[in-house]
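Asks: Predicted model and sequence follow; I will ask about them next.
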Amino acid sequence: MGHETLVALDGCGRLRPLALEDAPDQELAERSLNIRLARFAGRPELARTEKSLSPYAFSEIEEAGITQRLLSLAL
């Protein structure tokens with residue numbers, strides 16, 4: 001999946017690590033995150049209505065472009 005730590009927002013809008021007891025079924029949590037990222041990533045205009053950081057994430061296309069640029073620098 002590429003994400004090392006899942007995070008959640010607390011009631012005051014601060015980020016906190018998502019503890020394993022918060023998501024007993026890790027596969028379900030990852031699937032849910034992937035669905036949100038596919039729907040909202042790379043679309044910051046949706047941040048006004050989506051109560052997560054997903055709109056601020058890079059979309060798959062943006063990630064691929066970044067990866068290609070970094071790989072071209074390594075040559």
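Replies: Received the coordinates, thanks.
Asks: Quick check: the gap between the closest residue in space to residue 61 that isn't next to it in sequence and residue 57.
Replies: Spatial nearest neighbour of residue 61, excluding adjacent residues (CB to CB, 6 or more residues apart in numbering): residue 42 at 7.3 Å. Backbone N, C-alpha and C define where each C-beta goes, glycine included. Applying CB to CB, to the nearest Å, the value for residue 42 to residue 57 is 7 Å.
Asks: Now for residue 65: which residues touch it?
Replies: Under the criterion of CB atoms under 8 Å, 6 or more residues apart in numbering, residue 65 has no neighbours.
Asks: doesn't it fall inside a helix?
Replies: Yes: counting by DSSP: H, G, I helix; E, B strand; the rest coil, residue 65 is found in a helix.
Asks: rewinding a little: so the residue nearest to residue 61, which state does it fall into?
Replies: Under three-state DSSP, residue 42 falls in the coil class.
Asks: Show the pLDDT at it.
Replies: Note for residue 42: predicted pLDDT of 91.
Asks: got it, and residue 9?
Replies: 63.
Asks: Residue 45 now?
Replies: Residue 45 is assigned 93 on the pLDDT scale.
Asks: Would you agree it is in contact with residue 56?
Replies: No: counting by CB atoms under 8 Å, residue 45 does not reach residue 56; the two are 11.0 Å apart.
Asks: Neighbour count: those two, which is higher?
Replies: Taking neighbours as other CB atoms under 10 Å, residue 45 and residue 56 compare with residue 56 leading, 14 against 8.
Asks: quick one: that one from residue 71, how far?
Replies: Note on residue 56: its distance to residue 71, by CB to CB, is 24 Å.
Asks: Residue 25 now?
Replies: Residue 25 is 35 Å from residue 71, by CB to CB.
Asks: go on, residue 50?
Replies: To residue 71, residue 50 is 31 Å away according to CB to CB.
Asks: which of these two has more neighbours?
Replies: residue 50 (16 against 9).
Asks: which residues sit in contact with the more buried one?
Replies: residue 40.
Asks: helix/strand/coil for it?
Replies: Recorded secondary structure, residue 50: coil (three-state DSSP).
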